[in-house]
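Asks: model the following, please.
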Amino acid sequence: MARLLLVNPPSAIGVYNKSKIRVAITSAPFITLASLAGAALEDGHEVRISDLMIEGRPLDAYRDTLSSWKPDFVGVTFTTPLYREARELAAMAREVLPEAVLICGGIHANTLPEQVLRETEFDLVVMGEGENTLREICSGKDPGGIAGVARLKDGEFVMNAPRPLIENLDDLPLPAWQLHDLRFYHSPHIASRKNPVGYMETNRGCNHHCLYCSQRVFGHSVRSKSSERVVDEMFRMLDLGFRDIHFKDDNFTANLPRAKETLELIMKRGFTAPWALPTGVNVKDVDREFFRLAKKAGCYQVSFGIESGVPEVLSRVNKHQDPDTVRNAVVMAHEEGLETVGFFMLGLPGDTVDTMKRTLRFACDLPLTYAKASMTLPFPSSPLFTLIEREGRILSRDWDKYNFHCTTEVWKHENLDWDTIQKFYAAFHRKFYFRPSYMLRRLIRDIRMGQLGADIKAVLQNDWSG
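Replies: Residues are numbered from 1 along each chain as shown. Model prediction:
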């Protein structure tokens, strides 16, 4: 049997450090590595997870693990902002363990596999879902015969046949949460009820096709775990030490009847721990009954990808919703007693000073508990990047600059300069959170929930400047 080390880069959540929402970022083990580890463990391999984002001296800890444990395979998953760190991790692994097979996966490697292979020490790119591909790699099978693998052979880029998506997600092994030391994960009260927070997935894929979306690993055909499997996993996570569960699906309600069935089963089985939907549900895929059931089943917070309050801008980015539908969904959730979070984007295609003002007014007019805005960033895996590149408005392909606080350096907006967008980005959060009506509601809520001190600390820690 083989030894497999799976690695989470040091800045996996550090990419948000200069953003306006850093005080609300959760710290939790990543579902991707836990699921991959579960598959390898099921086949009898020895597996460790090196989560470098919780290490005080991450590269030293990583080198020590490589030197002392000597894995046969090292796997790193990363997004575009983490590409530089992934290169460094691969280089260190090659230096310490010249004979180890170095594997990478994740959205950036899936988007630019040849570039990644030519610029780094990685031997293999896992394309698409990785569980079954990783099983075959660790078994020692010739990479040339493994579906879902890209590699260099004699200097030539070779892409093997794609691996079919896993149709029955109940076939997935249980995530290997036991490989994490949960004492080192702590999330702020804004984003959690209890610590530690645990992530889980109940489906894969998204039934929408937004222009700015970088999701391409799981596709747009939604596949779901059964309600029984979902609730079984929730109880197991409690047994392993998690105290708050966050569903990380692209859209938990993509199959609304199945979502409601899951909520009914959560109640029937007597699950009492708090849980939330932080990555959002689509406003077109919900109804009042869903929110009522979610609240009864223990959900305390639900997020919505609102993006803009202007119909024409929403249409430009293929976001098939309108402000009235957004308002209806948020109001229903609020009236059923759920905290509501709205995600907004500034500098979308079609945005102007006037449309961004309208979006800010719209955000302030909704009964949102929290609002988070970002400056639009065209990741290379998104259709938006392809569109902007075709029009000659990509300013840099230096992926180190593709970070959530460096947007101004990578592309040119059609209507706006980046000084203007940055000013609106800062003004959005100031004007939303420092409205007298919002501050009064927040004060009453914090006193009722005993969170006044924590909220004051969060305000003082955040950068509200422009």
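Asks: and residue 370, its phi and psi?
Replies: phi -140, psi 150 (degrees, to the nearest 10).
Asks: now do the contacts for it.
Replies: Neighbouring residues of residue 370 by CB atoms under 8 Å, 6 or more residues apart in numbering: 24, 190, 339, 340, 341, 342. (Glycine included, C-beta is placed from N, CA and C.)
Asks: just the ones of those residues in helices?
Replies: When DSSP state H is applied, the contacts of residue 370 are split such that none fall in helices.
Asks: just the ones of these in strands?
Replies: Of the contacts of residue 370, the ones assigned to strands by DSSP state E are 339, 340, 341, 342.
Asks: turn the residues you listed into JSON lines, columns for pLDDT, distance to residue 291 and neighbour count.
Replies: Formatted as JSON lines, the ones in strands among the contacts of residue 370 follow (pLDDT from 0 to 100; distance: CB to CB, whole Å; neighbours: other CB atoms under 10 Å):
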{"residue": "339", "pLDDT": "96", "distance to residue 291": "12", "neighbour count": "18"}
{"residue": "340", "pLDDT": "97", "distance to residue 291": "10", "neighbour count": "21"}
{"residue": "341", "pLDDT": "96", "distance to residue 291": "14", "neighbour count": "25"}
{"residue": "342", "pLDDT": "97", "distance to residue 291": "15", "neighbour count": "24"}
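Asks: tell me the one of the contacts of residue 370 nearest residue 96?
Replies: Within those, distances to residue 96 taken as CB to CB reach their minimum at residue 24, with 36.9 Å.
Asks: enumerate the positions of stretch 182-202 that are buried.
Replies: 182, 185, 187-193, 195-202 (16 or more other CB atoms under 10 Å).
Asks: just the residues you listed: which are in helices?
Replies: Reading helices off the buried residues of stretch 182-202, I find no matches (DSSP H).
Asks: which of the residues you listed fall in strands?
Replies: Per DSSP E, the buried residues of stretch 182-202 map to strands at 197, 198, 199, 200.
Asks: show me the contacts for the first one.
Replies: By CB under 8 Å, 6+ apart, the contact list for residue 197 reads 26, 27, 28, 185, 187, 191, 242, 243, 244, 245, 246.
Asks: do that again at 10 Å, thanks
Replies: 26-29, 182, 185-187, 191, 242-246, 274-276, 278 (CB atoms under 10 Å, 6 or more residues apart in numbering).
Asks: wait, which of the ones in strands among the buried residues of stretch 182-202 is closest to residue 101?
Replies: Nearest to residue 101 among those, with distances taken as CB to CB, is residue 199, at 27.5 Å.
Asks: helix or strand: which one has residue 334?
Replies: For residue 334, the host element (DSSP states H and E) is helix 323-335.
Asks: related to what we said a few turns ago, may I see the ones in strands among the contacts of residue 370 arranged in JSON lines, with distance to residue 6 as well?
Replies: Compiled in JSON lines, those are given as follows (distance: CB to CB, whole Å):
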{"residue": "339", "distance to residue 6": "33"}
{"residue": "340", "distance to residue 6": "35"}
{"residue": "341", "distance to residue 6": "30"}
{"residue": "342", "distance to residue 6": "34"}
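Asks: nearest to residue 146 among those?
Replies: residue 341 (40.5 Å).
Asks: who does that closest one bridge with?
Replies: Listed beta-bridge partners, residue 341: residue 303, residue 370 (assigned using DSSP bridges).
Asks: I figured residue 133 was touching residue 127, is that so?
Replies: Yes: the pair residue 133 / residue 127 is scored as a contact, 7.8 Å apart, by CB atoms under 10 Å.
Asks: overlap in contacts, those two.
Replies: 105, 147, 148, 149, 160, 163.
Asks: leaving out chain neighbours, which residue sits closest to the fifth one?
Replies: Here the nearest residue to residue 160 in space, its sequence neighbours aside, is residue 149; by CB to CB, 6 or more residues apart in numbering that works out to 4.8 Å.
Asks: who's in contact with the one you found?
Replies: Counting by CB under 10 Å, 6+ apart, residue 149 has contacts 103, 113, 123-127, 133, 136-137, 141, 143, 158-163.
Asks: does residue 431 sit in a helix, a strand or a coil?
Replies: helix (DSSP: H, G, I helix; E, B strand; the rest coil).
Asks: could you check the pLDDT of it?
Replies: For residue 431, the model assigns a pLDDT of 93.
Asks: thinking it is in contact with residue 363, fair?
Replies: Yes: judged on CB under 10 Å, residue 431 makes contact with residue 363 at a distance of 8.8 Å.
Asks: need the overlap of contacts for those two.
Replies: Shared contacts of residue 431 and residue 363 (CB under 10 Å, 6+ apart): residue 371.
Asks: which one's more surrounded, those two?
Replies: residue 363 (21 against 16; other CB atoms under 10 Å).
Asks: OK, contacts around residue 201?
Replies: 31-32, 34-35, 169, 172, 175, 218, 224-225, 230, 233, 247-250, 252, 279.
Asks: where are the low-confidence patches of the stretch 101-250 of the chain?
Replies: Counting by pLDDT under 70, the stretch 101-250 of the chain shows low-confidence ranges at 216.
Asks: ranges for the strands of the stretch 201-350 of the chain?
Replies: Applying DSSP state E, counting those that start in this stretch to the stretch 201-350 of the chain gives strands spanning 203-204, 223-224, 244-247, 275-281, 299-307, 339-346.
Asks: from the shared contacts of residue 133 and residue 127, which land in helices?
Replies: Reading helices off the shared contacts of residue 133 and residue 127, I find no matches (DSSP H).
Asks: what subset of those residues is buried?
Replies: 105, 148, 149, 160, 163.
Asks: biggest separation within those, which pair?
Replies: Farthest pair in those, by CB to CB: 105 and 160, 14.1 Å.
Asks: nearest residue to residue 306 in space, please, no chain neighbours.
Replies: Nearest to residue 306 is residue 342, by CB to CB, 6+ apart, at 4.6 Å.
Asks: go ahead and confirm that neighbour touches residue 323.
Replies: No: under the criterion of CB under 10 Å, residue 342 makes no contact with residue 323, lying 11.8 Å away.
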